[in-house]
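> Could you work out the structure for the sequence below:
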Amino acid sequence: MIGVPLRPIPWARVRDWNCLACGECCKWFVIPLRADELARILHTFGEWAIEFRLGKAYIRKPFSRCIFQYRRQDKWLCALQEVDMKPVACKLWPFIPLTKPKYGRDQEAAFEHLGERFYVYVDPRCPGISLGRPSSHLVQRVLPEIIELRLGMRTRQNFTTSRLEELKEPLPFKSSLNVIHDARFVEPERAGYPLIIPYPGSSFMKSWLHAIKAEKLDEGHRRDFLVA
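Down below sits the predicted model:
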């Protein structure tokens, strides 16, 4: 991203932010998991969904994308978010809320909420950021929610995630993703499917086959998805 500074900038230089569901952050970063997040994902999906590096747990990225990311229409969506298992690290990005200033410009980064002072920086690489004088939406909606997510005071996202009302199709995995215990990897760029394939016989396979029919894939392409 030519011309975009890599160093985080203070929130006071940001006019507004909206998640575009572009999926770039799910490609750029590995996702660290807290102990409670690790336990839930292991219990639901098994060890195949996790990789360990130097004793720390991360979501697996077999094809340079998070395995729980999938394309729907022109957006990249998070299957974990649909079942309330989205990691805090994902919920917070591109914001970096801290209790002490870390990247300079202390006054511009300072943000008062709940009677306490925090220092909020923003990763300028996110395409959803617009620079300028902070909007009321950013100050009154987005930043308070970021702080409360960071403190564990809330888990639901209202203003810090993509607005998906414009999607004409229902999200396909909300009712069945949490019962998967066995799955296979699939290459991420094919026809807008998630990076996991349930084994035949699982309850999730029914919705998967329905999605395939809806997409009207040719027989050869369909076979590519359903075999290891």
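> What helix or strand is E145 located in?
Using DSSP states H and E, E145 sits within helix 143-151.
> So what touches the helix or strand harbouring I96?
If you go by DSSP H and E, I96 is part of strand 95-98. Residues from elsewhere that reach strand 95-98 (C-beta atoms under 8 Å, 6 or more residues apart in numbering): 8, 11, 17, 102-103, 118-123, 142-143, 146-147, 150, 160. (Each C-beta comes from the backbone N, C-alpha and C, glycine too.)
> one more time with 10 Å, if that's ok
Contacts to strand 95-98, defined as C-beta atoms under 10 Å, 6 or more residues apart in numbering, come from residues 8-9, 11, 14, 17, 102-103, 109, 111, 113, 118-123, 126, 129, 142-143, 145-151, 160.
> And stretch 99-106, by the same measure?
Residues outside stretch 99-106 that contact it (C-beta under 10 Å, 6+ apart): 7-10, 12-13, 96, 107-110, 116-119, 121-122, 150.
> mind listing what the lengthiest strand in the chain pairs with, with the direction of each?
In the chain, with assignment by DSSP state E, the single longest strand is strand 116-122. Paired neighbours of strand 116-122 in the sheet (DSSP bridges): strand 9-10 (antiparallel), strand 95-98 (antiparallel), strand 110-113 (antiparallel).
> export those to CSV and tack on distance to G23 and mean neighbour count?
Listed next are the strands paired with strand 116-122 as CSV, based on distance: least, C-beta to C-beta, whole Å; neighbours: other C-beta atoms under 10 Å:
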stretch, distance to G23, mean neighbour count
strand 9-10, 22, 20
strand 95-98, 18, 19
strand 110-113, 28, 15
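> Select, out of these, the one closest to F45.
Shortest distance between F45 and these, using C-beta to C-beta, is found for strand 95-98: 27.2 Å.
> Let's test this: mean pLDDT of the helix or strand following the closest one, rounded?
Counting by DSSP H and E, the element after strand 95-98 in chain order, helix or strand, is helix 106-109. Taken as a whole, helix 106-109 carries a mean pLDDT of 96.
> Same check on stretch 86-94?
On average, the pLDDT along stretch 86-94 is 95.
> Kindly report the same for stretch 132-142.
In this model, stretch 132-142 has a mean pLDDT of 97.
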